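A.B. asks: Provided below are the primary sequence and the corresponding predicted coordinates.
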Amino acid sequence: MIRDRVVCFIDGLNLFHAISRVRIPHLQWIDLRALTKLYIKPRDEEITRILYFSALSTHMDLSSQKIQQSYITALQLSNIKPILGHFKQKNRYCPKCSSNFPVHEEKETDVNIALALLDLAYQNIYDKALLISNDSDLAPAIRNVRERFPSKKITIIAPPLSRQCNELIQAASDKLKIRTQHLERSLLPEVIVDTSRMIFVNRPREYDPALAMQSVP
């Protein structure tokens, strides 16, 4: 039986911040392949590619950068492709204190997702796309794909504790949602190794489930 090809597009920082609101740190060590499999019909569909879009947090402290790099390495060892943008510093004006203050804005992620959605559709790489994001800026790209390729389906998957984005819902074929129990069922192992067993990455201590248990009164 020929199954529909499913490509998953994951807005990494959108998902990261949503999981942070759950306030269970070890859920950040998420196995994206296991998670996305929860949203397909195995008899009729197969995941052929998972793309993870994010930006390197070079403006953060070294500990945060190391945690992010560990996760990106874990994804690569799991055959998930990271596509990385960057952060750009800019000044914002505070009318209350009459002064400027620096902020860092994520750049390129939504553009990279939109380009990949369109490019892989034109290459006929997928029959169905799963998009984990709540970013309304992606609605035009979704509409374009569905107008040009009416047979292709795009399902929006809202991150945990996030409202469904109306713009995305109206543009997409279907909508789903990530719940805390889905994250709990989809965690990476403590140590991840490649097929040669020469390259490995350890789960950061901050994502150790035992620490979360210790914090429970």
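C.D. replies: Alright, I've got the coordinates.
A.B. asks: ok, residue 139 - contacts?
C.D. replies: With contact taken as CB atoms under 8 Å, 6 or more residues apart in numbering, residue 139 is in contact with 165, 167, 168, 170, 171. Placement of C-beta: from N, CA and C, glycine included.
A.B. asks: apply 7 Å and report the result again.
C.D. replies: Listed by CB atoms under 7 Å, 6 or more residues apart in numbering, the contact partners of residue 139 are 167, 168, 171.
A.B. asks: the residues you listed in strands, which ones?
C.D. replies: Judged by DSSP state E, strands contain none of those.
A.B. asks: list just the nearest of the residues you listed to residue 66.
C.D. replies: Nearest to residue 66 among the contacts of residue 139: residue 168, at 32.9 Å, using CB to CB.
A.B. asks: that closest one against residue 154, yeah?
C.D. replies: No - with contact defined as CB atoms under 7 Å, residue 168 does not count as touching residue 154 (9.1 Å).
A.B. asks: sticking with residue 21, tell me its helix or strand.
C.D. replies: Using DSSP states H and E, residue 21 falls within helix 12-22.
A.B. asks: elements contacting whatever helix or strand comes next after that helix?
C.D. replies: Using DSSP H and E, the helix or strand that follows helix 12-22 in sequence is helix 32-37. Under the contact definition 3 or more CB pairs under 7 Å, 6 or more residues apart in numbering; DSSP states H and E, helix 32-37 sits against strand 45-55.
A.B. asks: and the helix holding residue 21, what's its mean pLDDT?
C.D. replies: Per-region confidence: helix 12-22 scores 94 on mean pLDDT.
A.B. asks: go on, stretch 199-215?
C.D. replies: The pLDDT scores in stretch 199-215 average 81.
A.B. asks: so which bits of it are buried?
C.D. replies: Residues of stretch 199-215 classed as buried by neighbour count (16 or more other CB atoms under 10 Å): 201, 203, 204, 207, 209.
A.B. asks: do the same with stretch 146-156
C.D. replies: Under the neighbour-count criterion of 16+ other CB under 10 Å, stretch 146-156 has 146, 149, 152, 153, 154, 155, 156 buried.
A.B. asks: burial of the closest residue to residue 4 other than its chain neighbours, as a residue count?
C.D. replies: Nearest residue to residue 4 in three dimensions, chain neighbours excluded: residue 127, at 4.0 Å (CB to CB, 6 or more residues apart in numbering). Residue 127: 18 surrounding residues under other CB atoms under 10 Å.
A.B. asks: which residues touch residue 127?
C.D. replies: 4, 5, 152.
A.B. asks: quick check: beta-bridge partners of residue 4?
C.D. replies: Taking DSSP bridges as the rule, residue 4 bridges to residue 45.
A.B. asks: per-residue confidence at it?
C.D. replies: For residue 4, pLDDT reads 97.
A.B. asks: right, and it touches residue 128 too?
C.D. replies: Yes - with contact defined as CB under 7 Å, residue 4 reaches residue 128; the gap is 5.4 Å.
A.B. asks: what's the most distant pair in the buried residues of stretch 146-156?
C.D. replies: Farthest pair in these (CB to CB) is 149 and 156. Separation: 16.8 Å.
A.B. asks: now do the closest residue to residue 57 other than its chain neighbours against residue 137, distance only.
C.D. replies: Distance criterion CB to CB, 6+ apart; nearest residue to residue 57, sequence neighbours excluded, is residue 68 at 5.6 Å. Using CB to CB, to the nearest Å, residue 68 is found at 23 Å from residue 137.
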